[in-house]
Structure formats: structure tokens, C-alpha cells
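S.K.: could you work out the structure for the sequence below:
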Amino acid sequence: MFNFSKKEESFENLIKVLDDAILKGHELPSDMENQKETEVLNRIKSLVSLEKKKADENFKLGESISKLLNSGLWEIMFDEFGEVNKVKWSDDFRNIIGYRSESDFPDKIESLTEKIHPDDRENSCINLKDFNGNNINEKYFRIKNASGEYRAFKVICFPTLNESGKVKTLIGVIIDIEEDIRIKDEMEFEVLKANTIERNMREGIAHMNTPPFIKKENIKALMNYSPVFREIFGYKTEAEFPNQLSSWTSKIHEEDLDSVLGEFEKYLNIEGYFPEFEDSRIYTKDGNIKWIATRIDTIRINRDLKDSSKIDSIDILVLVEDVTPEREKLILEGELSGMVNNMSSSLDEITKAVEDMTTKARETAQEQDLITRSAREVKEKADRAIETTDLILGIAAQTNMLALNASIEAARAGDSGRGFSVVAEEVRKLATTSHNTAGEITSSLEDMDTSINEIMEKIESANEMVENQAANTEEINAAIEELNAMQNEIRDMIE
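M.R.: Numbers count the residues shown, from 1 in each chain. You can find the predicted model right below:
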């Protein structure tokens, strides 16, 4: 087979045979052309067999260690050009990704590369560009298992280099970390949930897990509702209020539905968006309307081991609280505020009216005082006129007496006193007329005095009424001031 006389050709053939035997696992040829070649090849075969045995023992030792670590061992050998020459997957490796034997997962590089997630293939440690020297590489990527499900794995690669510094062999250990990620996510979620529950004992909680970037009309995720959540809506059992998103959304008041779901959609699709839910109305089991406050806590889960910013799913806590009493209080406060404002306006009008009335009462009192003074002056003048008429009556009586005496004296005088008698008669008539006229004047003045007295009494009564009105006005002013103070206190309480 080899011709050592043709050294160059024989050496190249020998290298090819050794390459096939060592790297690709082929058998060494047994048909040799001469004894010398046979001895050389047998010696090489013996050495190769010994090295292979050591390699198998080392691989089995590695398998035992990886089994203890619940991991799978694998080995890839490369030629001087960086091409894969030989691959060996351990049974533990196959079992970890869901396969049983070499028949369903052959010792070929394609068995693995075809199952690595497309987004992770450049990040896998079978890419020789990842290596620089003898550094141990630790990678994370997803592999599709036998059931077609992608799971997360941690891969540790140990490269060995040839004399030229190129990777000769990769020995790797694969560890399924899907469960670790799930446990970590659950622990984070439970911590969040516990903290949330501790903060919000009055709130009902609903938990859902959903993929990101989903439209509100496509949200069909299951919800896990707490008893308090159902109780707020008036339900007790899951049969009445199933663990479905529609159990909640179908009870939202039609005027508030778009606002609530719109915020929810933004929250799902905009990274870092924090929804600001306004208080919304819901229909309870008995058909009544309640007001609820809604807020959200969240955990965004990243299973993309290559891109830490990529979100695979979202754990969401929807928290609702019955704020009907607070809303009713706000409505009542609004109504009270309106009533207080109306009362304030009314009090201002009343105050102005009372002030006007007080001013007019004072003016009336002043006019009454002037009238009283005038009436008193008239009464005084009437009293003086009566006194004057009394004087006239006295003079008339005296004149009449003189006339009578004159008549008597004239009668005694006879004919000589007849003229004096006529004068005395005329004087008597004048005295009588003066007496009668003075009597009439006195009677009129007395009637006037009576009327003036009556007017004075009425004026005094009116004065008392004006004074009472002024006192009442002061009391009204005091009451208005108290009402103003009360309304200010009510306004302060509302604010």
C-alpha cells in the first residue's frame, strides 16, 4: 500500500490513513505491500488504539462527572482547516434534549445545529470564531427538544489547540436551565405578589401571563382571579366568574371600556409604559354599578439568552379596589360645594337686602323723628292758640258783663241813657259773637290737639316698630355672619 521509496507519496498516504483512523474513526488498513510497512503500521495502529482507549476512558469519565452534575457531555474534533471531522454526543446529552439513542440523534454536527434556535446560532460555542486561545467559553442558547419545544440551555466549552494555535477539539457540557429560569421567574413573581398583597389588602388581584406586543382584540389569556377580586364584582366561585379575561372586561361599563382596554393595550405593547387608569365603572352580579380603581404590577420575562432587551412573556398583576364610597363622597362633596356656593350667593343677596333695609329703616327713623318734632311744634302752637282763645273768651265774658252793667245803668237813667243803652247792646252782641267764635276756635283747636295726640301716639308706635326692625336687622346680620362662618368651615372641610 505504501511505497517508502517514493517518500513524498508514501508520506502523504500515511497521513491520510492516520487522519482517517484518528480523527474520523476509520480502521487502519491490513493489506500491506511489505513487511516494513506492516510493522510500521501495526506500531502506529497500536499507538492509535492506545490513544483511542485513553480518549474513550476520558470521555466515559467525563460522562460520569456530567451525570453527577445532571449535564450532558459532547465532543467535536476539527481538522486543520477548521472543518468538523468527528462528533460524539453522549447518551446523557441526548437524554437532556429528549432523545434516546444515536439512531434518532446521530453523531453528526447537524443533529445539533439544526435544533438550535435561529436567533442563537451565531452565539453557540460551535462557532470557532468565538474562541481565542484556551479560554473556557460559557454560552446560553435555546435548543428544540424531541417534542418540538425550545428550552434554554447553558453550554460550557473546553477547547484544545493544535501546534498552530487552532482549535483541535471542543469538549462541552450542556445543562438544562429551563427549570432554573422558571423557578427564578416564579420566585420573582411570588415576591412581587407578596409585596403587592402586603400593600393592598383591600385590592382584588388577577394574574395573567401573556406574550408582549398583542392587540386588545387578540387578548385571550387566562386570568387567575383572587376571591377578593370576584367578591368586588359580587361573585364567589370560579363557576360564576371563570378564570378568563372576558369575565373582567365584559363587566366594565360600556362608556369606560375603550379607555380601560386602550391603556391595557399600550401597557402590553410599549416598553416601559406605565398605564394611568382612571376610575371606571363596573356592573356587579346584582346589576348595580360600582366604581373601581385599577392599577398594574408586572414582571417582564426575557428568555432570549442572546438579547437581554427582548421580552418573551409578561407576568401581570391586575389590581382592582372598590372605590365606590370614595366616589360617592366626591359626588356628595361636589353637591355640597354647589349648595354652599348657592347658599353663599343667597346670603350675599340677603346681606345686601338687609343692609338696604337697615339703611332705609335708619332714613325712616330720621324722617319719623322730623315728623315727631313737627307734630310737637304744631301741638305746642295749638296749645298756645287754645290759651289765646281762652283769653279771648275771658275778655268776651268781661265785655258782656260790662255791657250788661251798662244796660242796667242806661235803664236807670231813662231817656238820657237810651243811647248808651244802644251802645251797650252792640257791645254785648260783639262780646257774645266773640265768645261764640272763640268757643268754636277752642273746639277746633281741641279737636286738632286730640288728632295731634293720636298722631303722636302713632308716630311713637311707628318709632318703636322702626327700632324693633333695626334690632331685628342686627339679629339677621349676626345670623348671616354665623352662616357665612359655617359655610367657610364646610368649604374648608370639602377642600
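S.K.: the chain: strands as residue ranges?
M.R.: Assigned by DSSP state E, the strands in the chain fall at 72-78, 84-89, 137-144, 150-161, 167-176, 204-210, 223-225, 280-283, 289-301, 313-322.
S.K.: winner for burial among those strands?
M.R.: Using mean count of other Cβ atoms under 10 Å, the stretch among the strands of the chain with the largest mean neighbour count is strand 72-78, at a mean of 22. Using the backbone N, CA and C atoms, a C-beta is placed for each residue, glycine as well.
S.K.: just how off-centre is that one within its chain?
M.R.: Centre-to-centre, strand 72-78 and its host chain are 57 Å apart (Cα atoms, centre = their mean, to the nearest Å).
S.K.: what is that strand packed up against?
M.R.: Applying 3 or more Cβ pairs under 8 Å, 6 or more residues apart in numbering; DSSP states H and E, one finds that strand 72-78 makes contact with helix 35-68, strand 84-89, helix 91-96, strand 167-176.
S.K.: between strand 84-89 and that strand, find me the angle.
M.R.: Strand 72-78 runs at 170 degrees relative to strand 84-89, counting by axes from the mean of the first three to the mean of the last three Cα atoms, to 10 degrees.
S.K.: from what I can see residue 296 touches residue 268, true?
M.R.: No - Residue 296 sits out of contact with residue 268 when judged by Cβ atoms under 8 Å, with a separation of 9.9 Å.
S.K.: pLDDT wise, what is residue 486 at?
M.R.: You'll see residue 486 listed with a pLDDT of 74.
S.K.: let me fix that, I meant to ask about residue 307.
M.R.: 52.
S.K.: how near is residue 438 to residue 395?
M.R.: In this view, residue 438 and residue 395 are 9 Å apart by Cβ to Cβ, to the nearest Å.
S.K.: which of these two has more neighbours?
M.R.: With neighbours defined as other Cβ atoms under 10 Å, residue 438 and residue 395 compare such that residue 438 has more, 21 against 14.
S.K.: for that one, what are its contacts?
M.R.: The neighbourhood of residue 438, defined by Cβ atoms under 8 Å, 6 or more residues apart in numbering, consists of 389-390, 392-393, 396.
S.K.: just the buried ones among those, please.
M.R.: Buried subset of those (neighbour count, 16 or more other Cβ atoms under 10 Å): 389, 392-393, 396.
S.K.: adding pLDDT, write these out as CSV.
M.R.: Shown next, in CSV, are the buried ones among the contacts of residue 438 (pLDDT from 0 to 100):
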residue, pLDDT
389, 74
392, 74
393, 72
396, 71
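S.K.: in helices, which of these appear?
M.R.: Among the buried ones among the contacts of residue 438, the members found in helices (DSSP state H) are 389, 392-393, 396.
S.K.: what two of those are the furthest from one another?
M.R.: Maximum pairwise distance in those, criterion Cβ to Cβ, is 9.9 Å, between 389 and 396.
S.K.: and the helices in the stretch 251-400 of the chain?
M.R.: For the stretch 251-400 of the chain, helices defined by DSSP state H, counting those that start in this stretch occupy the ranges 254-269, 324-413.
S.K.: and the angle from the last one to strand 289-301?
M.R.: It refers to helix 324-413. 150 degrees.
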